[in-house]
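1. I'd like to go over a predicted model; first the sequence, then the structure.
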Amino acid sequence: MKRARDKRNRITFYGVALFLAVLGFAFGDVKLAEETIEGQTAYRLENERVSLLVNPAQGGNVTSFKDKKGGSVELVHQVPLKGLCMDHFQTQRWPGEMLAAAYTPKVIKQSPAECVLQVSYEVKGDWQSASFPRLSGLLLEKTYTLRAGNPVLECKVKFTAPRNESKLFSYWLQNVFFAGGQYEEKTDVSFRPSIRGVRRKTLRDNDRYGREDWVNDFSDGWMALLDTKAKTGLVVLSDYHLMNCSYANGGNVSLEPMYRIQYLPPKGSAEYITYIVPVTGLDNVVAASEDYVIGYNMQSDGKGSGSVELTAVRALNAPKKLALDPAVVSVDDSNQVAKIAPVVFENLGEAPQIKKITFAGAGKDPLVLRVRTTAEAADGKTFERSFEDYYNGTYAWGENIQVDMTTPCYVGKRPAQEMRLQKPEVMQAGKGGRYNFWYGEGFMDNMYDIISSIRLTSRFNEGKTLWQRAFVANNGAFGNRLSAFPYDYDELLKYNVIILGGVKADALNAVGIEMLSDFIAAGGGMVVLGGPMAYSFSGLAGTKLEEMWPVSSSKSPFAIKPMGDAVIEVAEKVPFLQDLDWSRAPRVKYLHAVTVKPWGKTVLTVAGKPFLVIGQMDQNKGRVACILGAPIGAMDRGKTPFWEWSDWKYLVRQLLWWAERNDFNF
């Protein structure tokens, strides 16, 4: 009897397996199939964990996504302009030309182990009566990959410039969905890492920092949106080194990595790889990578003792072993550290694993949890990372903020972002001929009247001086921005001299800082102006660009000193100071405090302090001049502010000549 029952069970099992195999649902396999949606062909990608639909007629977006372990609920609200992996350019007003554009589909691979679908689109560069010539002709190829036995959807977006044109763009990948299938304004929570700790945001319950749709001080490339009640949701993994901002619309309805501006030379290309990771069993995320997604719950007695519960699941990879080496640190005293015994997760999979640990001697709240991770792959290779989070505990203000309601209690160190710019093999500034200037004008730089000096440089150029001017303005959540910048190396290297006014680091952004450094290294000159947004106020202290200057400024934002209307004096006679009338005794009210580098030369002083410092890092690099006076402050009648001195425009003109190596003009 038992044998007969076993035989029947085997027949039933094999019959079901054969039936599922015929349908393409064999255990562990992945399938790709066509479906018709409103008369258009869409593509269903499905494995044992997820089922999703890619619709080429709607921007090649993922218009349906279901996590089978999360209840198979629909995460994408079935209305237009909602979905995952939606393409957008930051220069086009939302929704932009691509979100509803028709893409061309192509099945790249279809096997039980892996299915690959590509959709492509040639950018038109026209949107809402506006033309974007730096975008037109870009080829966008978006490739989706789903593998058997893997919960993660890979999305690779590749942009390629035309054969004979360079292109310039800022890509924005949008994922708009409801974490639990239905929107819950209080329990749907976004998690984004920052140097102030993981930012946990909903639509309304948003502490003293507000909703924080834009997180500009992000410290890693992951973002998560969870239904914290159902303990389900998605994690989006992006390349940290390419990102410019971590954005979540409304605080908790989208996950949108915004990428840095990208220059492509003719035929050049750039790739953006994103992983969509479904998670269950977590009500928060404190860290995520290609190897893991980790959440935690921490408790303390407010006096330095407590416990930490760590929960981990796999991501793209399934580590054979994941070791966590945690420590709890006092915010008030960074030397007060409670070391905790390492914990190890074996054979990390899709089911959550939980480890609980205790600590003592960490000091009073608030605290910082710091963890070093080591993931060991099946082949024995190991991958080390680290993460941290601010823990408020019993701290009075309930958030990472001090009594002034502005300054954080704790700010961690942000990892340096690698610059992966596509640069010309050979760079030489000044390709556009002599007397070619670019001027970045910031707050109160108009007092310098730089344009008059630029126009005067044409004295030996038959009126052929060329110049471009850009302005700094505050752009809301994006912070300070320039109205224009030559983010194209071909364009940048046409200039002889860059005049840098009160342009702060966030206005230049990391790409601009890198390119200006390259400009000076390629022999281009620079004149740096003083003012209320310059030097220590600019955020450029310690950057690669400042390394090229003959002075270094303090990282303190208030390194500017009152000089009591002191008179400018010549410290060293140099050719470009000739024929200037010093009888009006030009004066300085405020002066930036700097340190002159060994290769810098102070040619003008104020009360013994540097006012004008010039230098050249080496003979192959460009000349740099730093004006350290600030054009601010009222003076007594009869005293002449330096920027109102009759010969000021001539001094600046001759300084521009010096910076572009036109020594024959003196």
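-> Done, it's in.
2. Quick one: low-confidence residue ranges for this protein.
-> In the predicted model, the chain carries pLDDT under 70 at residues 1-27, 205-207, 459-465, 474-479.
3. Quick test: name the residue nearest the centre of it.
-> Among the residues of the chain, residue 244 comes closest to the average C-alpha position under C-alpha atoms, centre = their mean, at 2.0 Å.
4. Need the three-state assignment for that residue.
-> Local secondary structure at residue 244 is given as strand here, using DSSP: H, G, I helix; E, B strand; the rest coil.
5. host element of the residue lying closest to it once chain neighbours are set aside?
-> If you skip the residues right next to it in sequence, residue 244 has residue 260 as its closest partner in space, 4.4 Å away by C-beta to C-beta, 6 or more residues apart in numbering. C-betas here are computed from N, CA, C, even on glycine. In this structure, residue 260 sits in strand 254-264 according to DSSP states H and E.
6. what's that strand packed up against?
-> Counting contacts by 3 or more C-beta pairs under 8 Å, 6 or more residues apart in numbering; DSSP states H and E, strand 254-264 is packed against strand 153-160, strand 167-176, strand 222-227, strand 232-237, strand 243-247, strand 269-280, helix 505-521.
7. can you give me the strands in the stretch 551-666 of the chain?
-> When secondary structure is read from DSSP state E, counting those that start in this stretch, the stretch 551-666 of the chain shows strands at 551-553, 560-570, 586-592, 594-596, 600-606, 609-616, 623-627, 629-630, 640-641.
8. okay, those strands, which one's buried deepest?
-> Per-stretch averages of neighbours, counted by mean count of other C-beta atoms under 10 Å, single out strand 629-630 among the strands of the stretch 551-666 of the chain, with a mean of 28.
9. Which residues does that strand contact?
-> Counting by C-beta atoms under 8 Å, 6 or more residues apart in numbering, strand 629-630 makes contact with 530-532, 534, 560, 568, 588-592, 606, 611, 642, all of which sit outside it.
10. from those, which two are the most distant?
-> Based on C-beta to C-beta, the longest span within those runs between 532 and 568 and measures 19.6 Å.
11. Please give me every residue in contact with the residue lying closest to residue 529 once chain neighbours are set aside.
-> Excluding its sequence neighbours, the residue lying closest to residue 529 (C-beta to C-beta, 6+ apart) is residue 501, at 4.7 Å. Contacts were defined as C-beta under 8 Å, 6+ apart; by that measure residue 501 touches 439, 440, 441, 442, 445, 448, 450, 472, 529, 531, 533, 534.
12. Distance of residue 501 relative to residue 469?
-> From residue 501 over to residue 469 the distance is 10 Å, taken as C-beta to C-beta, to the nearest Å.
13. now residue 89
-> Look at residue 89 and residue 469: by C-beta to C-beta, they are 25 Å apart.
14. The two: who's more crowded?
-> Neighbour count, other C-beta atoms under 10 Å: between residue 89 and residue 469, residue 89 has more, with 21 against 17.
15. Can you dump the C-alpha atoms of stretch 414-431 in CSV for me?
-> Coordinates of each C-alpha in stretch 414-431 appear next as CSV, following Å, rounded to 0.1, in the frame of the first residue of the first chain:
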residue,chain,number,x,y,z
ARG,A,414,31.7,61.3,3.3
PRO,A,415,33.6,58.8,1.1
ALA,A,416,35.4,60.5,-1.8
GLN,A,417,33.7,60.0,-5.1
GLU,A,418,35.8,58.8,-8.0
MET,A,419,35.8,61.1,-11.1
ARG,A,420,35.3,59.0,-14.2
LEU,A,421,35.3,61.7,-16.8
GLN,A,422,36.1,61.0,-20.4
LYS,A,423,39.0,63.3,-21.1
PRO,A,424,41.0,64.1,-24.3
GLU,A,425,44.2,62.2,-24.5
VAL,A,426,46.1,65.5,-24.9
MET,A,427,44.9,68.7,-23.2
GLN,A,428,46.2,72.1,-24.1
ALA,A,429,44.4,75.3,-23.0
GLY,A,430,44.0,78.3,-25.2
LYS,A,431,43.0,76.6,-28.4
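16. Which one of the contacts of residue 501 is nearest to residue 71?
-> For the contacts of residue 501, the minimum distance to residue 71 (C-beta to C-beta) is 49.6 Å, reached by residue 472.
17. excluding its backbone neighbours, what's nearest that closest one?
-> In space, not counting the residues next to it along the chain, residue 472 is nearest to residue 442; the distance is 4.3 Å by C-beta to C-beta, 6+ apart.
18. how much space between that neighbour and residue 219?
-> With distances defined as C-beta to C-beta, the gap from residue 442 to residue 219 amounts to 28 Å.
19. and the two? which has more neighbours close in?
-> Neighbours were tallied for residue 442 and for residue 219 using other C-beta under 10 Å; the higher tally belongs to residue 442 (25 against 20).
20. Could I get the contacting residues of that one?
-> 471, 472, 501, 502, 503, 504, 507, 531, 533, 534.
21. Same check on residue 32?
-> Here residue 32 is in contact with 43, 44, 45, 107, 110, 115, 117, 146 (criterion: C-beta under 8 Å, 6+ apart).
22. Show me where the stretch 401-550 of the chain has its helices.
-> Using DSSP state H, counting those that start in this stretch, the helices of the stretch 401-550 of the chain run over residues 450-456, 489-492, 505-521.
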